[in-house]
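Engineer: Dropping a prediction and its sequence here:
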Amino acid sequence: MKTKLNPASIDFIRLGEPKELMRLKEVCENQGFFSLSNHGISQQLRHEFLEQTTAFFTQSMADKLALERTESNPFGFYNKELTKNQLDRKEVFDMSLSTTTPTTWPNDEQFVTTMTDWHKACEVVAMTLLKAIFDSLHLEAESAFFQPEHTSFLRLNYYPLDPTLETSVTSEDSRNDQFGVSHHTDAGALTLLQQDQTPGLQFYSGGKWHTAPANPEMLMVNLGDMLQVWTNDQFIAPLHRVLASHQRVRFSAPYFLNPASSCDCKPLLGTEPHYRTINWGEFRGHRALGDYADVGEEVQIDHYRIN
């Protein structure tokens, strides 16, 4: 069953208030996703960002493939990504500000400037939000988790019209090939998602799939696997997917806040850990292999669960 969703809204500028911090904790415990208002990223930057995103994907395929990413150079354009060993119905452009894994940028100064500004703005919001999430549990997020260089990155998503679909997928469907992206959880700490005005994102909660609203003025946030590990299952990384459509194209842009490659992630709460220590670099590496080829069962945090 699929229903419309009215997710909880967290006010970013009120996170210093005990009442809002308590609401944040409750949402992270019960759903693991929420919309974020008053995040401080300017309307002008958002408009420029969405315009540049649209312009990039309306280039010729030859121009986009000239920027194609590879397993050895993971940042650039790609249109053959797999999720749960199913081919996504989308195109992506991944970018990082890392000095060790440079992005294959197009020769477009305005594009690079806008994407860099957006990347930096998302990093500020994500880091501030993560601190609030830890504060809600009276925990301290160690700076070592993200030092000397975290592996966060920005992705542009383009979901083109899919003429092979007789109707747009708008209800429960067990066929993974009916979706823009199959069901999954995000591997890292948390994700900030900028959407256009076209709905498509769905979360699984309470035994049902819920379609999230697409409000460009708000960021949609979901927790990732490593936050679930750090909180020893007190907070959850929600299962989500994206609908395919033959009626409307869709653009979105997730910013994935990820730890440093060397970070050893383990439960920080409770006297009985639910997980063995997970080295983030190794875990993310195994997940990344599944982006390019069918590697069998995708590595999950449950593989590290202590029975």
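Structural biologist: Yes, it's here.

Engineer: how about the nearest residue in space to Ser96 that is not next to it in sequence, what does it touch?
Structural biologist: Computed as Cβ to Cβ, 6 or more residues apart in numbering, the closest residue to Ser96 that is not its neighbour in sequence is Phe153, at 4.4 Å. Every residue, glycine included, has its C-beta placed from N, CA and C. By Cβ atoms under 8 Å, 6 or more residues apart in numbering, Phe153 lies in contact with Phe75, Asp94, Met95, Ser96, Ser98, Tyr255, Phe256, Asn258.

Engineer: Nearest to Gln202 among those?
Structural biologist: Phe256 (18.7 Å; Cβ to Cβ).

Engineer: Name the surrounding residues that touch the helix or strand harbouring the closest one.
Structural biologist: Using DSSP states H and E, Phe256 maps to strand 250-257. Residues outside strand 250-257 that contact it (Cβ under 8 Å, 6+ apart) are 49-50, 53-54, 57, 118-119, 122-123, 126-127, 130, 150, 152-159, 180, 186, 188-196, 198, 200-201, 224, 242.

Engineer: Which ChimeraX command selects the buried ones in these?
Structural biologist: Command for ChimeraX, covering only those of these found buried under the criterion 16 or more other Cβ atoms under 10 Å:
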select :49,50,53,57,118,119,122,123,126,127,130,150,152,153,154,155,156,157,158,159,180,186,188,189,190,191,192,193,194,195,196,198,200,201,224,242
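
Engineer: Among the contacts of strand 250-257, which ones are in strands?
Structural biologist: 153-159, 180, 190-195, 201, 242 (DSSP state E).

Engineer: which one in the residues you listed is the model shakiest on?
Structural biologist: Within those, pLDDT reaches its minimum at Gly180, with 92.

Engineer: contacting residues for it?
Structural biologist: Asp88, Arg89, Lys90, Tyr159, Gly200, Arg241, Val242, Leu243, Ala244, Ser245, Arg250.

Engineer: That one and Leu161, how far apart?
Structural biologist: From Gly180 over to Leu161 the distance is 11 Å, taken as Cβ to Cβ, to the nearest Å.

Engineer: Same question for Thr104.
Structural biologist: 27 Å.

Engineer: do Cys265 as well
Structural biologist: 39 Å.

Engineer: quick one: which of the two has more around it?
Structural biologist: Cys265 (23 against 15; other Cβ atoms under 10 Å).

Engineer: show me the contacts for the residue nearest to Leu201 when sequence neighbours are not counted.
Structural biologist: Nearest residue to Leu201, sequence neighbours excluded (Cβ to Cβ, 6+ apart): Ala212, at 4.6 Å. Taking Cβ under 8 Å, 6+ apart, we find Ala212 in contact with Leu5, Pro7, Phe33, Pro199, Leu201, Gln202, Phe203, Met220.

Engineer: Over to Ser9?
Structural biologist: Neighbours of Ser9 in contact, by Cβ under 8 Å, 6+ apart: Phe34, Ser35, Leu36, Ser37, Met218.

Engineer: Put the buried members of those into a PyMOL selection.
Structural biologist: Burial among the contacts of Ser9 is assessed by 16+ other Cβ under 10 Å; the matching PyMOL selection reads:
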select buried, resi 34+35+36+218
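
Engineer: Glu272: which of the contacts of Ser9 is nearest?
Structural biologist: Phe34 (28.4 Å).

Engineer: Could you look up the SS state of Gly16?
Structural biologist: Judged by DSSP: H, G, I helix; E, B strand; the rest coil, the three-state class of Gly16 is coil.

Engineer: What pLDDT is listed against it?
Structural biologist: 94.

Engineer: next one: Leu289
Structural biologist: So, for Leu289, pLDDT stands at 75.
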